[in-house]
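Novice: Next input, structure requested:
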Amino acid sequence: MPVADRPGAGRRARSVPGRPRRARLLVLLAAFVCAACGLVYELELVALGGYLLGDSVTQTSVVLSVMVFAMGLGSLLAKHFTRRAALSFALVEGALAVVGGLSALLLYAAWAWLGRYQVALITLTCLIGVLIGAEIPLLMTLVQRIRREEAGRAAADLFAADYVGALVGGLAFPFLLLPAFGQAEGALLTGAVNAAAGAAVVCWLFRDEQGPRARLLLWTGFGAVLAVLAVAGACTGAIERAARHALYGATPRQAVQSRYGEIVLTGAAPRVPAQGGEPLRLYLAGRLAACSTDEYRYHEALVHPALAGGADHRVLLLGGGDGLALREVLRHRRVTEVLVVTLDPALPELARTDPALAALGEHSFADPRVRVVTADPLSWLRQDPPAERFDAVLADLPAPDRAARSEYHAAEFYGLAAARLALTGRLAVPAPAGPGLWTVEAGLRAAGLFTVPFPVAGSGPACDPAGSGGRAAVLLAARERRPEPALADDAPPPRSFTAPELTAAAARLAARRPEPLPPPSTLLEPR
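Specialist: Sure thing, here's the model as predicted:
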């Protein structure tokens with residue numbers, strides 16, 4: 001039967017106001033906007049998982065695989081609603097705007113209060129994926145209602161709009177939404193745009209398909225969606241403050257949302273245990289990174305043996321944006337220059353401006369010997385050729401955690417760091433004190449370095465760069481020969497150990513070294 005002779009074909013064609021070509025372009029524009037919003041939701045789930053849990057590889061794998069599966073399921077389910085495609089599209093966009101817009105706040109709340117982040121992540125990913133998957137079949141039906149054409153041509157146009165929209169959304173998330181609005185408000189704004197696109201298609205372009213009562217309900221529904229998102233936006237600050245209080249057990253003195261995660265300070269001032277009071281605590285992406293009661297144990301172990309190599313005039317500090325390792329470096333009188341290469345500029349800025357953190361770091365960033373470069377340490381080390389050589393290289397970087405953070409503990413990273421060493425220079429890197437210690441040592445040896453491990457005195461979250469509360473160790477490495485654990489005479493003695501204690505601890509730990517060492521971690525095979 002010809003299309004024009006099918007029952008209802010003429011009525012549906014007349015239900016679209018204006019010219020069919022213009023109406024078709026508006027539907028394609030809606031597909032473009034919906035695709036951009038959908039990819040923003042997807043990236044927001046991935047990014048928030050990396051911020052909160054620190055394992056970006058696992059979070060990316062979970063979100064992408066579950067999302068693609070759910071999109072396929074949504075496409076199948078949409079077949080049952082194509083008879084009332086406009087109304088179904090309105091319901092899908094309204095639900096997607098609410099779920100996607102609130103997803104960041106819901107995930108943050110689940111992480112802070114329920115401790116069921118993975119369950120919430122998978123549930124929200126499934127819901128968003130099903131709704132995104134239902135969009136294309138419904139939009140295809142609406143396009144064909146405007147003007148019948150070959151299915152392949154219609155699909156080509158629709159998917160082109162969808163893919164271009166995904167490109168725009170993917171670029172807008174890291175370069176516009178995240179830096180300008182943050183995770184929560186960026187998702188809420190995306191939800192509002194999503195709702196507006198749905199309302200434009202259904203409540204205006206296909207308004208004649210709905211009766212007066214249905215149109216009123218649709219307008220009311222989209223208005224309610226926007227109202228919910230607006231209220232959530234107004235309450236975002238209160239929700240974050242309540243969640244931080246639940247997480248950290250105190251009202252944060254500082255909370256900074258940077259591109260790379262949330263930085264939180266709690267406590268009134270830096271204190272030592274004998275003085276009592278609430279100690280200063282630094283949290284990076286929800287993990288305890290430093291505590292004023294005992295952070296010096298880790299930072300002294302990382303710095304002072306590495307600066308006992310002789311002519312330690314120039315020091316390269318990779319990471320160390322909190323200024324605490326830098327404090328220990330600057331206690332050495334022979335040091336004339338320190339280059340700090342840190343990824344997140346927000347952390348050094350906080351270390352400069354917060355009175356308590358600046359006091360704990362002894363205002364190290366104000367020292368004229370310090371120069372700060374904002375760059376990823378691995379990317380910075382890959383500069384070719386390396387123009388500068390250093391007498392000591394200190395990697396004050398997060399400890400490896402499965403695939404997360406593994407690039408800073410790969411054999412390739414150690415090789416690039418060793419290339420920056422002067423002939424008699426020393427490299428110091430942190431490691432867990434368990435079996436992972438020998439994997440780190442294997443990576444250093446694969447880079448052609450001689451190594452000696454020693455444990456950090458004491459235990460606790462501040463002593464573990466991963467913030468897990470376990471014991472930590474430091475590996476000292478050199479290019480020419482095995483470095484001897486020692487202390488330099490140009491700095492005050494450390495509070496947490498003496499030179500004989502350091503030598504004895506290193507000997508005890510070396511006696512437990514397995515033979516052969518486990519395989520090293522590499523960029524292609526993180527361990």
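
Novice: where exactly do the strands run in the stretch 201-350 of the chain?
Specialist: Assigned by DSSP state E, counting those that start in this stretch, the stretch 201-350 of the chain shows strands spanning 254-258, 261-266, 281-284, 287-291, 314-319, 337-342.

Novice: ok and the first one relative to strand 261-266, angle-wise?
Specialist: Following axes from the mean of the first three to the mean of the last three C-alpha atoms, to 10 degrees, one obtains 170 degrees for the angle between strand 254-258 and strand 261-266.

Novice: what comes up buried for strand 254-258?
Specialist: For strand 254-258, a neighbour-count test (16 or more other C-beta atoms under 10 Å) marks Ala255, Val256, Gln257, Ser258 as buried. For every residue, glycine as well, the C-beta is placed using N, CA and C.

Novice: Arg259 and Leu177 touch, don't they?
Specialist: No. Contact criterion C-beta atoms under 8 Å: Arg259 and Leu177 do not qualify, at 11.2 Å.

Novice: Comparing the two, which residue is more hemmed in?
Specialist: Between Arg259 and Leu177, Leu177 has the larger neighbour count (other C-beta atoms under 10 Å), namely 20 against 15.

Novice: number of nearby residues for the residue nearest to that one when sequence neighbours are not counted?
Specialist: Spatially, and ignoring its direct neighbours in sequence, Leu177 is nearest to Gly186 (3.7 Å; C-beta to C-beta, 6 or more residues apart in numbering). Residues contacting Gly186 under the criterion other C-beta under 10 Å number 23.

Novice: Now do the contacts for Gly186.
Specialist: Neighbouring residues of Gly186 by C-beta atoms under 8 Å, 6 or more residues apart in numbering: Val40, Glu44, Ala104, Phe173, Leu177, Leu178, Ala180.

Novice: do the same with Ala197
Specialist: Residues near Ala197 by C-beta under 8 Å, 6+ apart: Ala30, Val33, Cys34, Cys37, Glu93.

Novice: secondary structure element for it?
Specialist: Here Ala197, judged by DSSP states H and E, is contained in helix 178-199.

Novice: With Ala477 instead?
Specialist: Applying DSSP H and E, one finds Ala477 within strand 472-478.

Novice: where's that strand relative to the chain centroid, distance-wise?
Specialist: 27 Å (C-alpha atoms, centre = their mean, to the nearest Å).

Novice: Partner strands of that strand and their direction?
Specialist: Applying DSSP bridges to the sheet, strand 472-478 is found paired with strand 421-432 (antiparallel), strand 450-455 (antiparallel).

Novice: I'd like the average pLDDT over that strand.
Specialist: What strand 472-478 shows for mean pLDDT is 89.

Novice: Provide the contact partners of that strand at residue level.
Specialist: Outside strand 472-478, the residues touching it (C-beta under 8 Å, 6+ apart) are 298, 301-302, 305-306, 309, 399, 414, 418, 421, 424-433, 437, 440-441, 444, 449-456, 459, 463-465, 483, 485, 509.

Novice: Filter these down to the buried ones and hand me the PyMOL line.
Specialist: Typed into PyMOL, the line below selects the buried ones among the contacts of strand 472-478, using 16+ other C-beta under 10 Å:
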select buried, resi 298+301+302+305+306+309+399+414+418+421+425+426+427+428+429+430+431+432+433+437+440+441+444+449+451+452+453+454+455+456+459+463+464+465+483+485+509
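
Novice: ok, now which ones touch Ser75?
Specialist: Applying C-beta under 8 Å, 6+ apart, one finds that Ser75 lies in contact with Gly133, Ala134, Ile136, Pro137.
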